[in-house]
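>>> Sequence first, predicted model second:
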Amino acid sequence: MKNILISLFILKSILAFAQNNSKKPTVVIEGGGEIKTEIKFNNSVKIGNQQTATKNTKSTAGVNNNKPSAPVTSTNASNSIQAYGKYDFVQGEKVIAIEDFQQANIGDFPLRWNTNGSAEVVTLSGQEGKWLQVGPKTTLLPEFIKSLPENFTFEFDLACSQPFSYLTQEFSIGFVSMQKPAIDFAKWSTAKRGENGLIFGLHPAYVTSKTQGGTNYKLIAASKEVMKNSIPQSQFNHVAKPVVHVAIWRQNDRIRLYLNEEKIWDLPKALANTKLNGVVFYSGGVKTENNKYYFSNIRFAVGAPDTRNKLINDGKFTTTGILFDVNSDRIKPSSYGILKEIATSLNENESIRIKIIGHTDTDGDDASNLTLSKKRADAVKSFLNKEFGVETKRMETEGKGESQPVDKTNTTEGKANNRRVEFIKI
């Protein structure tokens, strides 16, 4: 009997051990076919306040939004978008640049970039697409961004390895002025400052909390910090939320930063009388070599959408800011801001009727794209009705597929501008 009890105890311990380990799958970063390191994610990664199994997580920008070779799914917006009720971010009107590193080989440094340190393109198991892994004490310059107007939006996805030490320095993005970008970009780092700019810092660990990270900003004028602040934040944390969508919106003097659905910084006069012409990323020193930052899915757009005037007075409004899951009519939560703007205009002008027209890029076959575009227009109509109370009888829908491109059909940026939704007053 004693031997039986001992055997049962050993068997129970083995099963418990196996069960605990099954709850912590590893995410392997592959470089050139060789396992370079591995980072542990929880069973699910929360992106955009949407709880999704890591193997099904989709990137949020820069990926073709229609893949008509597969059946078009119809899932409509889920409750995850409801968390964005206070989200007022609205993308710029015209997409200028998209970077998802799809043209780069795994293990290489990407074209159209410059650096004073080390970085390489990798894949993250469980995450869509390719990512740039940034080495310590490294500054990066996207050379394809040559100017920053007074109205623009800038978005990207950021990830970190797990676990992550709070003693490792933050990941930063700066909007700066540079006389000679090919040289001056290296002046921006944790220890150095260029002449003028605004730097946002993000960190997935916070010294007094296991569920929060940190964020800060620094306003630089004449190479000196003239204004700064730092606070904890709950959207980017290496334990629970190691992947975050970052959205930055400049409107003249004002600049705002959002992490997922939450507005973190809103600085009304930070960029008064400031001329900016470039973007820099940099990663500071690390506590251990296993602490890594990764980013991807950059989306840079310009122009301040004038929803009310264009829809009500001009009779037509077009946006590339309503985004959908790949090959689906499911609206991404980050589209909430522009949908709210449109609904407000309609609810303030109750006599107005509109036609909602969906457009795709030219990837895939015509018939599938036509079906997909119609389903997306229907999804927008349904969301405006259910979320904001716009009467369905005031809205018609139509799909144009790929038949009416407004930009180049063979570039990433052109395809992003062709994937759009039109609102026409009828």
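It's in.

>>> Am I right that Glu341 is in a helix?
Yes - according to DSSP: H, G, I helix; E, B strand; the rest coil, Glu341 belongs to a helix.

>>> burial of it, as a residue count?
20 (other CB atoms under 10 Å). C-beta here means a position set from N, CA and C on the backbone, and glycine is covered the same way.

>>> Now Gly315: closest residue in space, sequence neighbours ignored.
In this structure, Gly315 finds its nearest non-sequential neighbour in Lys425, 4.1 Å apart by CB to CB, 6 or more residues apart in numbering.

>>> List the contacts of the one you found.
311-312, 315-316, 352-354 (CB atoms under 8 Å, 6 or more residues apart in numbering).

>>> what's the distance between it and Lys316?
7 Å (CB to CB, to the nearest Å).

>>> so what's Pro149 closest to, chain neighbours aside?
Per CB to CB, 6+ apart, closest to Pro149 is Val302, 5.3 Å.

>>> now swap in Pro268 and tell me
Spatially, and ignoring its direct neighbours in sequence, Pro268 is nearest to Arg254 (5.0 Å; CB to CB, 6+ apart).

>>> any idea how far Thr115 is from that neighbour?
In terms of CB to CB, Arg254 sits 31 Å off from Thr115.

>>> More neighbours: these two, which one.
Each of Arg254 and Thr115 has its neighbours counted (other CB under 10 Å); Thr115 has more, 19 against 15.

>>> Give the buried residues for the helix or strand Ile183 falls within.
Ile183 is part of helix 181-184, with elements assigned from DSSP states H and E. Across helix 181-184, burial judged by 16 or more other CB atoms under 10 Å covers 181, 184.

>>> Over to stretch 386-394?
Across stretch 386-394, burial judged by 16+ other CB under 10 Å covers 387, 390, 394.

>>> So among these, where is pLDDT lowest?
Note: of these, the lowest pLDDT belongs to Glu387, at 93.

>>> which SS state does that residue fall under?
helix.

>>> Convert the helix or strand hosting Leu132 to PDB, retaining C-alpha atoms only.
Taking DSSP H and E as the criterion, Leu132 maps to strand 130-134. The C-alpha trace of strand 130-134 is given here as PDB (Å, rounded to 0.1, in the frame of the first residue of the first chain):
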ATOM      1  CA  LYS A 130       8.400  40.700 -39.400                       C
ATOM      2  CA  TRP A 131       9.800  42.900 -36.600                       C
ATOM      3  CA  LEU A 132      13.000  44.900 -36.100                       C
ATOM      4  CA  GLN A 133      14.900  43.700 -33.100                       C
ATOM      5  CA  VAL A 134      16.900  46.700 -31.600                       C
END
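
>>> That one pairs with which strands?
Note on strand 130-134: by DSSP bridges, its sheet partners are strand 119-124 (antiparallel), strand 293-302 (antiparallel).
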